[in-house]
Structures are given as C-alpha cells and as structure tokens.
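**Student:** Return a 3D structure for these sequence lines:
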Amino acid sequence: MAMKPHGKSIVSSDYDEKVLFLKDLSLGPHEAQLRFRLIHFWEAWNPLKKTLIGMEMLLIDEQGTVIQGFISPGRIETYLPKMKRGSVYKLDNFYGSRNKSVFRVADHTVTVSFSWNSELTVLLNCPSQFDDDRFRFHSYEEFQANCDLKGDLYDVVGHMKLVNGQSIHEAPVLDEVEIAKARRVLIHVQSHDGPVMKLYLWDQAAREFCKKFKSYEGTPTVLLVTTVNTKTLGGTLALTSMSSSRVFMDYDVQPTIDYFSWLGSNPDIAEQVNAEVVTKRETMTIGEIFSYIEQESAKDAFFECTATIDDVVHGSSWYYIACSGCHSKVSKGPTSLLCTNKKCGKVNVSGVPQYLSKISVYDNSDQAVFVLLGDAGRELTGKPASELVRSYFEANGNEGVNLEVPIPEALISTIGQKHKFCVKVTEHNLSGKTRSLTVTKILSLDTPPATASSEDNHTTATSEETSQNRVDSADGSKGACCSSELERAKRRKCGN
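**Tutor:** Below you'll find the model as predicted:
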C-alpha cells in the first residue's frame, strides 16, 4: 500500500489504479479512483421553488465508510442509465465538496460530487467485499432531543401498533386509492419498550410501504424507515419520511431480522397498548388559542374550539380548482389545465373544485377567521364543493362562465350555527404571517373529544408544500371555473 504525501492511503489494484478510501476523502478536486456500492439514490427538490436541485446518493466502500454523493441536474442524464441500486462502481475523477448542514444522511463531512471529467464504471468482478447497507438508528429520546432542528436524518426501527388507525393485530386493510389521494400513510410505531411514535410516510415512501405490506401473506409487524425528519405536530413528536427514505419490513434486512427475533423473545412488549401518543386534543377558547400563538415556546398544534359562525367572508373565492390527483392548485395552460405541483406534474388534468372558504366566527372570548379546506367544508355544508359548483352551472347554463361562482346558499345557511371546530396552529400563525386558523375537522357539539391519532387519520400533517399550494391558490383560483366540471354540466343541460 502506498501513502500520499498527506498520509492518506492509496490502494493499488491489479491495474495499478490509485484507489482512495472514502474515510480519507478531503475537500477539493481529485484525480483518483473511488470504489463503492451504490446503496440508494433519489432526486432532491427545492420545495419552495419547485426546482430540481440534483441527484443525491448514498455510497459505501469496502471499509464500511458511508458517504453522500451528488450529481448536478445537468449531468444526471449522463450517469443515470448506469445507476442501479446495489451495484458496485468505480468513479474516476471527482470533487470533494462540503457536506450540507441540514438533512444530512451520512456522518462524513465531505460529499462526492461528480465533476465535468468524472467517469463512472460498473465493476462486475470486483474481488473486494462491500457491505449491502449501513444504518444510523435513533431512539425516541434522541429523536425528541433533535426535534425541529432540521439536522441529520436518522433511521428508525420498531414494531407497528396502528396503520392508518387500524390495529396491527386486526390485519389492517390498506386502500391504495385513498392513500394515493392522501399521499401518505400514518403508522404508530414503538421502538423496543419506548413510547409510541407517529410516523408519516409520504409519496414514494407511502407507495413503497403499501407494496411491501400487501406482499406479505401474513401481517408484517416490524418496520424500518431510513432518514426520517423529526417534527412537532399536535404537540407531540412525529417522524416524517423524506425523499431519501426507504422502507423495510420483517425479513428484508439484518436489522429488521434482529428486531423480529427480539420481539419474539419479548411478547409482552408486542402486546402492550402503549398509546401515550394517542392523546386528547386540548380544548381552548379563541382567545386562549391566540394567547398560545404569542408564546415563544409555541409549536404546531391542534385544538378544539366551540364557536358560532357570524358570517361567510366575502371578497375572496370560496373554492379553488384542484388537481384530481394531488389536490394542489391547477393553472390554465394553452389548451388544458396543468397541475402546479411539479412532483405531481400532471397535464390535461381533470380539475375538481375544492373548498377554500373563510368564515368569521366568535365565542365569549374573541373573534377569528377560520379557513375551511376540503373535507372540513363538506362536513359543514353536507355537500362537496364540486357538487355546488356543478349545480350552479346546471341552473345557469352558459351564463357567467368566466365569473366566480357566488357563495352558495349551503354556506350562507350555516351563519348562526354553533359547532365544535378542530383547528390547526401552523408555522404561518407562529411567524405572524396570518391570524386565520385552518379547520381540519368539524364535530357536532355532543361528540366526545377525539384523539390526536383519529384526527391524523383524516387531515393531519398535510405536507408543507401541498398545504401551502392550497392556501396560495385562493387568489389564483378566483373565477377560474374548472373546464371539465363546466363541460359536464353543459352536456347534461343540453341533453334535457
């Protein structure tokens, strides 16, 4: 073995090629060779600008060192055809860039960045042995200590207690259509004998979970999810998947096999109903909610509030036109409607009206503006927004095609009614951007207090990107009637 001037090890192969170990990688350009197994790769997107940042990778070498890799957007097409998860490669010429400080997936301070002269080659008969994977697990206490810090993304392994509100002992049934609409799965998971944690799997991770879960003849019990982010939702710790997350169950990898064995040796743990996380929402007055928001220690939370509807706020649209797939706002293209969510990216979408209604409410302590989104509007009026929009055009034919559909009687008739509202305090409230509170669910006055988990099964933890798309769509949707709904109404009217 030869040594570089700075004491870094260089390995000579049969071809006398200089091979640099990942542990010795430093910042700057390198005219050396790396050999590694490609554990995983994924697209990294800017959630605010909806732009592709690049392709990120997780690499491991023969010494077991794990490092993050990166390919800029303009070079992805060059290397992507060669990339296959689990394959072994050699990379000649690359740049050692500084690893990012947020959402890191590896301990190494350097990232392997593909440069203009990088050459990636598959190693078919490499004599060296490479581990298949490497995990970084955190316990409940460690996740709790790092909550909301946007630091490193760690892995979680444990046994499932609930899947979308269904007990794991009662063979949960997953509705893939509903999950596709919601874009997420909520699992209550317990790691060893620690507290139960809420784990939200989004998009690709949710689809991967469904596929694996349904592939088992029996009901799987052990779950491992990589690179989860920790957040506070409804006042409790929640883990959320990221674009880098992968999903494993019972016998997929060694850590799940080991955990499954441990669980079999500790049946009392498996049967526990540790549902500390399934807590009742706190009931507050409007004034108390606003006082909570002003506290420095305030975080995202859910509350129940009983209030009387004073008016439906005029001057803004009571609905928006949503993508039928992801429910994000759609925009008008030259010939069709386009989904504005780039992760969905659908063109020629079938636009569907969804509630985005503002109501003025009051109780004995204060007044507020509540925003009704989606199901909350339907729960209040008893009718989906699409039905109300369709009824208007069926009654009026072509009149007012390019105008906003006026506030329907179904909404106006709720003025004076008293309801129990489940409201969500979000980052936009805490930062002072808005005092309007989003309603996640509406209950009758005699409904007993619900648990946080049951609320989560309906609307909790909507992705920040999608939620903001819906709220931002209020102005953009004004007067923009969904063409598909209008055409269907026209055809029915003409056929009468």
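**Student:** from memory residue 45 sits against residue 52, does it?
**Tutor:** Yes - under the criterion of Cβ atoms under 8 Å, residue 45 lies in contact with residue 52, with a separation of 5.8 Å. From N, CA and C alone the C-beta is placed, and that goes for glycine too.
**Student:** can you count the residues close to residue 167?
**Tutor:** Taking other Cβ atoms under 10 Å as the criterion, the count of residues near residue 167 is 13.
**Student:** I meant residue 341, not that one.
**Tutor:** Residues within reach of residue 341, counting by other Cβ under 10 Å, total 22.
**Student:** same thing with residue 166?
**Tutor:** Other residues within reach of residue 166, judged by other Cβ under 10 Å, total 13.
**Student:** Quick check: the gap between it and residue 213.
**Tutor:** For residue 166, the distance to residue 213 under the criterion Cβ to Cβ, to the nearest Å works out to 11 Å.
**Student:** can you pull out the strands in the stretch 1-150 of the chain?
**Tutor:** For the stretch 1-150 of the chain, strands defined by DSSP state E, counting those that start in this stretch occupy the ranges 2-3, 9-12, 18-20, 28-46, 51-60, 66-71, 88-98, 110-113, 119-122.
**Student:** would you turn the ones you listed into TSV with mean neighbour count and mean pLDDT?
**Tutor:** Converted to TSV, these look like this (neighbours: other Cβ atoms under 10 Å; pLDDT from 0 to 100):
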stretch	mean neighbour count	mean pLDDT
strand 2-3	8	37
strand 9-12	14	43
strand 18-20	18	87
strand 28-46	18	94
strand 51-60	19	95
strand 66-71	22	96
strand 88-98	18	95
strand 110-113	22	96
strand 119-122	14	96
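**Student:** closest to residue 409 out of those strands?
**Tutor:** Across those, residue 409 has its closest neighbour in strand 28-46 (42.2 Å, Cβ to Cβ).
**Student:** tell me what that closest one is packed against?
**Tutor:** Secondary structure elements in contact with strand 28-46, counted by 3 or more Cβ pairs under 8 Å, 6 or more residues apart in numbering; DSSP states H and E, are strand 18-20, strand 51-60, strand 66-71, strand 88-98.
**Student:** These into TSV, with extra columns for distance to residue 185?
**Tutor:** As requested, the helices and strands packed on strand 28-46 are exported to TSV (distance: least, Cβ to Cβ, whole Å):
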stretch	distance to residue 185
strand 18-20	41
strand 51-60	23
strand 66-71	27
strand 88-98	33
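**Student:** any common contacting residues for residue 166 and residue 213?
**Tutor:** Between them, residue 166 and residue 213 share the neighbouring residues residue 172, with contact defined by Cβ atoms under 8 Å, 6 or more residues apart in numbering.
**Student:** Count the neighbours of residue 213 for me.
**Tutor:** When counting by other Cβ under 10 Å, one arrives at 19 neighbours for residue 213.
**Student:** what about it, distance to residue 45?
**Tutor:** Distance of residue 213 to residue 45, given as Cβ to Cβ: 26 Å.
**Student:** Please name the bridge partners of residue 223.
**Tutor:** Residue 223 forms beta bridges with residue 158, residue 249, as assigned by DSSP bridges.
**Student:** for it, what are its contacts?
**Tutor:** Neighbouring residues of residue 223 by Cβ under 8 Å, 6+ apart: 157-160, 187, 189, 199, 247-249, 256.
**Student:** Any quick PyMOL command for the buried ones out of these?
**Tutor:** Only the buried entries of the contacts of residue 223 go into this PyMOL selection, using 16 or more other Cβ atoms under 10 Å:
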select buried, resi 157+158+159+160+187+189+199+247+248+249+256
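**Student:** Who is residue 44 paired with across the strands?
**Tutor:** With beta bridges defined as DSSP bridges, residue 44 has these partners: residue 54.
**Student:** That one: what's it in contact with?
**Tutor:** 52-56, 243 are the contacts of residue 44 under Cβ under 8 Å, 6+ apart.
**Student:** Ok, which of the helices and strands packed on strand 28-46 comes nearest residue 106?
**Tutor:** Nearest to residue 106 among the helices and strands packed on strand 28-46 is strand 66-71; the distance by Cβ to Cβ comes to 4.6 Å.
**Student:** if I pick residue 405, what's in contact with it?
**Tutor:** The contact partners of residue 405, by Cβ under 8 Å, 6+ apart, come to 318-319, 388-389, 392-393, 481.
**Student:** ok, now with 10 Å
**Tutor:** For residue 405, the contact set (Cβ atoms under 10 Å, 6 or more residues apart in numbering) comprises 317-319, 353, 385, 388-393, 396, 479, 481.
**Student:** In strands, which of these fall?
**Tutor:** With DSSP state E as the criterion, strands contain 319, 353 from among these.
**Student:** Pick the one among the contacts of residue 405 closest to residue 173.
**Tutor:** residue 385 (28.5 Å).
**Student:** Would you agree the closest one is in contact with residue 327?
**Tutor:** No - here residue 385 lies out of contact with residue 327, judged by Cβ atoms under 10 Å, at a distance of 11.4 Å.
**Student:** Show me which of the two is the more surrounded one.
**Tutor:** Neighbour comparison, residue 385 and residue 327: the larger count goes to residue 385, with 28 against 24 (by other Cβ under 10 Å).
**Student:** Quick one: residues contacting that one.
**Tutor:** By Cβ under 10 Å, 6+ apart, the contact list for residue 385 reads 318-322, 352-357, 372, 374, 377-378, 405, 408, 410-411, 485.
**Student:** cutoff 6 Å now
**Tutor:** Contacts for residue 385 were tallied using Cβ atoms under 6 Å, 6 or more residues apart in numbering; they are 319, 353-355.
**Student:** Most widely separated two among those residues?
**Tutor:** Put simply, by Cβ to Cβ the two of the contacts of residue 385 set farthest apart are 353 and 355, 8.1 Å from each other.
**Student:** Give the residues shared as contacts by those two.
**Tutor:** Counting by Cβ under 6 Å, 6+ apart, the common neighbours of residue 353 and residue 355 are 319, 385.
**Student:** higher neighbour count, these two?
**Tutor:** Here residue 353 and residue 355 are compared on neighbour count by other Cβ under 10 Å; more neighbours surround residue 355, at 27 against 24.
**Student:** and the host helix or strand of the more buried one, what other elements does it pack with?
**Tutor:** Assigned by DSSP states H and E, residue 355 belongs to strand 351-362. Applying 3 or more Cβ pairs under 6 Å, 6 or more residues apart in numbering; DSSP states H and E, one finds that strand 351-362 makes contact with strand 301-312, strand 319-323, strand 367-373, helix 385-396.
**Student:** which helices and strands does whatever helix or strand comes next after the shortest one pack with?
**Tutor:** Later in the chain than strand 319-323, the nearest helix or strand by DSSP H and E is strand 330-332. The elements that strand 330-332 packs onto, with contact taken as 3+ Cβ pairs under 6 Å, 6+ apart, are strand 337-339.
**Student:** at 8 Å instead, please
**Tutor:** strand 319-323, strand 337-339.
**Student:** in the stretch 201-350 of the chain, which spans are strands?
**Tutor:** Taking DSSP E, counting those that start in this stretch as the test, the strands found in the stretch 201-350 of the chain are 222-233, 236-240, 247-249, 282-283, 301-312, 319-323, 330-332, 337-339.
**Student:** among these, which is nearest residue 204?
**Tutor:** strand 247-249 (9.2 Å).
**Student:** pretty sure residue 187 is in contact with residue 159, am I right?
**Tutor:** No - under the criterion of Cβ under 8 Å, residue 187 makes no contact with residue 159, lying 10.3 Å away.
**Student:** returning to what we had before: please identify every residue contacting each of residue 385 and residue 327.
**Tutor:** Any residue near both residue 385 and residue 327 by Cβ under 8 Å, 6+ apart counts here, and that gives residue 354.
**Student:** Single out the most deeply packed of the helices and strands packed on strand 351-362.
**Tutor:** Ranked by mean neighbour count, the helices and strands packed on strand 351-362 are led by strand 319-323 with a mean of 28 (mean count of other Cβ atoms under 10 Å).
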